[in-house]
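Undergrad: coordinates only, sequence not included:
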Ligand SMILES: [Mg+2]
């Protein structure tokens, strides 16, 4: 940091779009959080905006814990990379390509799903089990009193994972059981940067899973990549994510405004509705 104050990195990104990899989360970032995760949709205008960005940027990638097919259905636009299940799946030529090592763990995931479906706490709580094929997710969001069940459901998830050699990825009232791939948003971010040859990087996310992307951005910054971490504020966004971000935007609307500023070839700085993080401490 220079004493004169650093230039606004958002302007730098606008200028350097052709050398920038843009890594975006989906739920809570491009799509508002909704009670039924299956009905999540990107904000109006976002798919067209992504297509415009893909023409300007070195890479535009959606990196999500969702299956790649889910992303394809909702945001499958020309030139945008879709990495599902944290990079275990990717859409190539509108077909889902899967890591073969992960495929081998499918029976363990099926067994964990059956266990959880019969688990008394899971059943009694009314938790929804999402079958992702190669992962199973326990959702408490739609339950009337999730706080009452969170600890017990979390421990049921951990037990089932341990029994079947899976790992647990916790989120906001969700626990994902998946094969221990070593993949997270961080490895997906690294992959996108490496494959695009980008020298600049933007990572945008709203949840705990996005921290890995932020940490990868930090590591890449140490390797000479100019990285910008953007957190999306919501009533539930984790404080640690907001703390580690370079900027905080308000909800998917704030993300859309930021992306619109970058899709504009004139590189109009996002001065309206996009304040620098206003909760910054010393
Ligand atoms: Mg999210």
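TA: In hand now; what should we look at? Not measured: the values here are computed from a predicted model.
Undergrad: For the stretch 51-200 of the chain, which segments count as helices?
TA: 68-75, 100-103, 106-118, 120-125, 146-163, 185-196 (DSSP state H, counting those that start in this stretch).
Undergrad: Summarise which helices and strands the last one is packed against.
TA: Packed against helix 185-196, as judged by 3 or more C-beta pairs under 8 Å, 6 or more residues apart in numbering; DSSP states H and E, are the following elements: strand 20-24, strand 59-63, strand 80-84, strand 200-205, helix 211-222. In short, each C-beta sits where N, CA and C put it, glycine included.
Undergrad: State the helix or strand in which residue 7 lies.
TA: Using DSSP states H and E, residue 7 sits in no helix or strand.
Undergrad: what pLDDT does it get?
TA: Listed pLDDT for residue 7 reads 74.
Undergrad: what's the neighbour count on it?
TA: For residue 7, the neighbour count with other C-beta atoms under 10 Å is 10.
Undergrad: Also the one 10 residues further on?
TA: When counting by other C-beta under 10 Å, one arrives at 21 neighbours for residue 17.
Undergrad: Name the nearest residue to it, ignoring sequence neighbours.
TA: Nearest in space to residue 17, with sequence neighbours left out and distances taken as C-beta to C-beta, 6 or more residues apart in numbering, is residue 56 at 4.4 Å.
Undergrad: how about residue 82, what does it touch?
TA: 61-62, 68, 71-72, 75-76, 90-91 (C-beta atoms under 8 Å, 6 or more residues apart in numbering).
Undergrad: just the helices of the stretch 51-200 of the chain: most buried one?
TA: helix 185-196 (a mean of 22; mean count of other C-beta atoms under 10 Å).
Undergrad: quick one on the thing from earlier: which stretch among the helices of the stretch 51-200 of the chain comes nearest the ion?
TA: Taking C-beta to the ion, helix 185-196 is the member of the helices of the stretch 51-200 of the chain nearest to the ion, at 9.6 Å.
Undergrad: re earlier: nearest to residue 136, of the helices and strands packed on helix 185-196?
TA: strand 80-84 (14.9 Å; C-beta to C-beta).
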